[in-house]
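[1] Sharing a sequence plus its predicted fold:
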Amino acid sequence: MTTRWLSPDEQRAWRAYIAASLLLEDTIDRQLQQEAGMPHLYYSILANLSETPERRLRMTELAERLKITRPRLTYAVARLEKDGLLRRESCASDKRGSIAVLTDEGTAVLERTAPGHVETVRTALFDRLTPEQVGQLEEIFTSVTAGLQGEDGPFEGLPWRRRSTPPCS
């Protein structure tokens, strides 16, 4: 097998992506730690739950939305549960399943933190792009995401993709 080395243009693009993604994640994490005492992942859990009906979601579906392993999600949820920001409930139709539920206190933290988070994202990323570049960014990362997580993608063993689980009733 022959190694398909990156071209100079691809190498520059790759390194620019790595630098930007690390700096963006660090910037967002620092802002959320200062304002809410939590990392970006914890904020993302709360935000995802806030966007669902009844502020609740089966843990396996939440892991898939966040693109993280179930053990990593379980650890984060335990911490958020300890802080009173969410609670776990059993799944009535599947004894192995559990549901994460955003509490009123979690909603309040999210509402208090969201304006600063959005401003950080806007300042760090979107204020630096033209409207055309925003569209290109979406197109690029939608394509990359589809290729990586698609059923016939090169990484079919994604840790959050497991056999389908029945909905909880």
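    Yes, it's here. Residues are numbered from 1 along each chain as shown.

[2] Determine whether the claim that residue 4 is in a helix is correct.
    No - per DSSP: H, G, I helix; E, B strand; the rest coil, residue 4 lies outside any helix segment and is coil.

[3] Run a quick neighbour tally on it.
    7 (other CB atoms under 10 Å). All C-beta spots, glycine's among them, are computed from the backbone N, C-alpha and C.

[4] longest single helix anywhere in the protein?
    helix 8-36 (DSSP state H).

[5] what helices or strands is that helix leaning on?
    Helix 8-36 is packed against helix 40-50, helix 104-124, with contacts defined by 3 or more CB pairs under 8 Å, 6 or more residues apart in numbering; DSSP states H and E.

[6] Distance from that helix to the middle of the chain?
    15 Å (CA atoms, centre = their mean, to the nearest Å).

[7] same check, this time on stretch 69-81
    On CA atoms, centre = their mean, the centre of stretch 69-81 falls 13 Å from that of its chain.

[8] Of all the residues in that stretch, which ones are buried?
    With burial defined by 16 or more other CB atoms under 10 Å, the residues of stretch 69-81 counted as buried are 70, 73, 76-77, 80-81.

[9] Columns secondary structure, distance to residue 13 and pLDDT on top of these, output as CSV?
    Listed next are these as CSV, based on DSSP: H, G, I helix; E, B strand; the rest coil; distance: CB to CB, whole Å; pLDDT from 0 to 100:
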residue, secondary structure, distance to residue 13, pLDDT
70, helix, 33, 89
73, helix, 31, 96
76, helix, 32, 97
77, helix, 36, 97
80, helix, 36, 97
81, helix, 41, 97
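
[10] Which single one of those is nearest to residue 36?
    Nearest to residue 36 among the buried residues of stretch 69-81 is residue 80, at 11.1 Å by CB to CB.

[11] so what pLDDT did the residue lying closest to the closest one once chain neighbours are set aside get?
    Nearest residue to residue 80, sequence neighbours excluded (CB to CB, 6 or more residues apart in numbering): residue 86, at 4.9 Å. Among the per-residue scores, residue 86 holds a pLDDT of 97.

[12] can you pull up the bridge partners for residue 86?
    Counting by DSSP bridges, residue 86 forms beta bridges with residue 102.

[13] who's in contact with it?
    45-46, 49, 77, 80, 100-103, 106 (CB atoms under 8 Å, 6 or more residues apart in numbering).

[14] I'd like to know which of the residues you listed is nearest to residue 118.
    Of all the contacts of residue 86, residue 118 sits closest to residue 46, with 14.0 Å by CB to CB.
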